[in-house]
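J.: Sequence first, then the predicted structure, then my questions.
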Amino acid sequence: MSERRTRIAVGVTGATGAMFGIRILQRLAAMDVETHLVISQWGRRTIEHETPYSVDDVRAMADVVHQIGDQASTLSSGSFRIDGMVVAPCSMRTVAAVAHGLADNLITRAADVVLKERRTLVLLARESPLSDIHLQNLLTVSRAGAVVFPPVPAFYNQPQSLDDMLDHIAGRVLDQFGLDPDDVRRWDGKLSHSTSPRRRRDA
């Protein structure tokens, strides 16, 4: 029997940051990972509003596209073998639904399945500032086994562009699934200094 490709589900919800999900899809495709994509209604609107891509462009990046209302999808069953799921970006509405087991659409149902099957679920939670309700729901999903992964940029790698930040965050997300993108700049304990002069800001 041939070895199965790594298989990851990607959910895109309506929180700001649609490019996180898009960049993760692109990086997974480059690593020959089989992707199963679900985009919410407001995720579609956010893609159109925030990115240079159409929804059809994003769907074309995935191996399989599932409809948000299709509860008969393979992703609804734990018998369908996947290696994990990432929701990027993940709205606070989606976090709340996952925290309370409200499998009311395919993204929240697939996330529920991933948790019950003890597989890897990564939620790129997008909100600021966070209310007590948000924090409680995030703690609940973390205790249930999800990885709460706010897409906070790193600066030790001295990003020069938004693409650099997106690539670094996408690479760190792939780390959660045991994937090792070879172009992620990792902290090595050494301080580096730019050769370009920087203006001092007065206190």
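T.: Now that the structure is in, tell me what you want to look at.
J.: contacts and neighbour counts: CA atoms only from here.
T.: Will do.
J.: Which positions in the one helix or strand in the chain whose mean pLDDT sits lowest come out as buried?
T.: Every helix and strand in the chain was compared by mean pLDDT, DSSP states H and E; the lowest is helix 162-175, with a mean of 95. If you call a residue buried by 16 or more other C-alpha atoms under 10 Å, then helix 162-175 has these buried ones: 164-174.
J.: Who are the packing partners of it?
T.: helix 18-30 (3 or more C-alpha pairs under 8 Å, 6 or more residues apart in numbering; DSSP states H and E).
J.: Find the nearest non-adjacent residue to the residue nearest to the spatial centre of the chain, please.
T.: The residue lying closest to the centre of the chain (C-alpha atoms, centre = their mean) is residue 88, at 3.2 Å. Nearest non-adjacent residue to residue 88, counting by C-alpha to C-alpha, 6 or more residues apart in numbering: residue 21, 4.6 Å away.
J.: Kindly report the same for residue 91.
T.: That would be residue 15: by C-alpha to C-alpha, 6+ apart, it lies 4.7 Å from residue 91.
J.: Ok, residue 172 next?
T.: Nearest to residue 172 is residue 184, by C-alpha to C-alpha, 6+ apart, at 7.8 Å.
J.: Wait, the one you found touches residue 171, no?
T.: Yes: counting by C-alpha atoms under 8 Å, residue 184 does reach residue 171; the two are 6.0 Å apart.
J.: tell me the contacts of the nearest residue to residue 154 once chain neighbours are set aside?
T.: Spatially, and ignoring its direct neighbours in sequence, residue 154 is nearest to residue 165 (7.3 Å; C-alpha to C-alpha, 6+ apart). Counting by C-alpha atoms under 8 Å, 6 or more residues apart in numbering, residue 165 makes contact with 153-154, 159.
J.: Check for me that the residue nearest to the centre of the chain belongs to a strand.
T.: Yes: assigned with DSSP: H, G, I helix; E, B strand; the rest coil, residue 88 falls within a strand.
J.: how near is it to residue 69?
T.: The spacing between residue 88 and residue 69, counted by C-alpha to C-alpha, to the nearest Å, is 18 Å.
J.: Show me where this protein dips below the pLDDT cut-off.
T.: Low-confidence segments of the chain (pLDDT under 70): 1-2, 191-203.
J.: Now do the helices in it.
T.: 18-30, 41-50, 55-60, 92-99, 106-116, 132-143, 162-175 (DSSP state H).
J.: who wins for proximity to residue 84 among those helices?
T.: With distances scored as C-alpha to C-alpha, the stretch of these nearest to residue 84 is helix 106-116 (6.4 Å).
J.: Could you list every helix and strand in contact with that closest one?
T.: Using 3+ C-alpha pairs under 8 Å, 6+ apart: helix 106-116 touches strand 34-39, strand 84-90, helix 92-99, strand 120-125.
J.: Thanks a lot, see you next time.
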